[in-house]
Structure formats: C-alpha cells, structure tokens
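Q: Need coordinates for the below:
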Amino acid sequence: MWVIFGVIAIVTTFINLYMYKAGKDYKLAMALALSFTALTICADYSYLTRWVKAEDWAALSDVIPGMARAFWFLTIVSILLNIAPIFLERKRKK
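A: Presented below is the predicted three-dimensional model:
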C-alpha cells in the first residue's frame, strides 16, 4: 500500500508543478501531494509493525536505518517541491 501512496504522491507533485507552470490553481494538487506523502509514511510504519509483531529483528535492523534516511530525504524533497510554487508566486508579485 505504501508503494501505491508513494507513486500517487510523486504524480500529484508533478501535477502541482505543471499546474503552477500552466498558470492554473495548483493548491489542491499541492495538498493532495503532501497528504499522500504523509500517507506513504504512515502506511510503511503500519507495514513495519508486522515485523515487530513477528519479532523479526533481523529484517528490522536491515531495513530501518536505510529507510529512515530515505524517508527523511524524500519527505523534505516533497515538501520543497510542493511549496515551491507558493514562493515563486510571491517572488513574482514583488
């Protein structure tokens, strides 16, 4: 499920940027992209609880360190890409 949410977050981020570039209202796409980014993280944490319940510590120790770095990076990139149109719009108005 987290993969599906992640793909939707990426697609809606590109829709957000496209709508801004086309001069259309981009705010709904921005909200959807950020929401699906949050849902991706929540879905993956839910997935990881299965490993905790199964006490699969080896799998957790292999996956969590790299995944944590990836989630931080991808979440920061998602936030920056999705709020970029707001800052560009403000800059253009000045």
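Q: okay, CA-based contacts and neighbour counts for the rest of this
A: Fine.
Q: Report the residue spans of this protein with pLDDT below the cut-off.
A: For the chain, no stretch is flagged by pLDDT under 70.
Q: Let's check: the centremost residue of it is which one?
A: For the chain, the residue nearest the mean C-alpha position is Thr37 (2.7 Å; C-alpha atoms, centre = their mean).
Q: Just to confirm, what's the three-state secondary structure of that residue?
A: helix (DSSP: H, G, I helix; E, B strand; the rest coil).
Q: With Ala68 as the reference, measure out to it.
A: 14 Å (C-alpha to C-alpha, to the nearest Å).
Q: mind listing what's buried in the longest helix along the chain?
A: Secondary structure of the chain read by DSSP state H shows that its longest helix is helix 57-93. Buried residues in helix 57-93, defined by neighbour count with 16 or more other C-alpha atoms under 10 Å: 75, 78, 81-85.
Q: now do stretch 29-39
A: Neighbour count says stretch 29-39 has 29-34, 36-37, 39 buried, by 16+ other C-alpha under 10 Å.
Q: Format the residues you listed as a markdown table; extra columns: distance to Arg92.
A: Output for these, formatted as a markdown table (distance: C-alpha to C-alpha, whole Å):
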| residue | distance to Arg92 |
| --- | --- |
| Ala29 | 20 |
| Met30 | 19 |
| Ala31 | 22 |
| Leu32 | 24 |
| Ala33 | 23 |
| Leu34 | 23 |
| Phe36 | 28 |
| Thr37 | 28 |
| Leu39 | 32 |
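Q: out of these, which one sits closest to Lys93?
A: The nearest member of the buried residues of stretch 29-39 to Lys93, counting by C-alpha to C-alpha, is Met30 at 19.9 Å.
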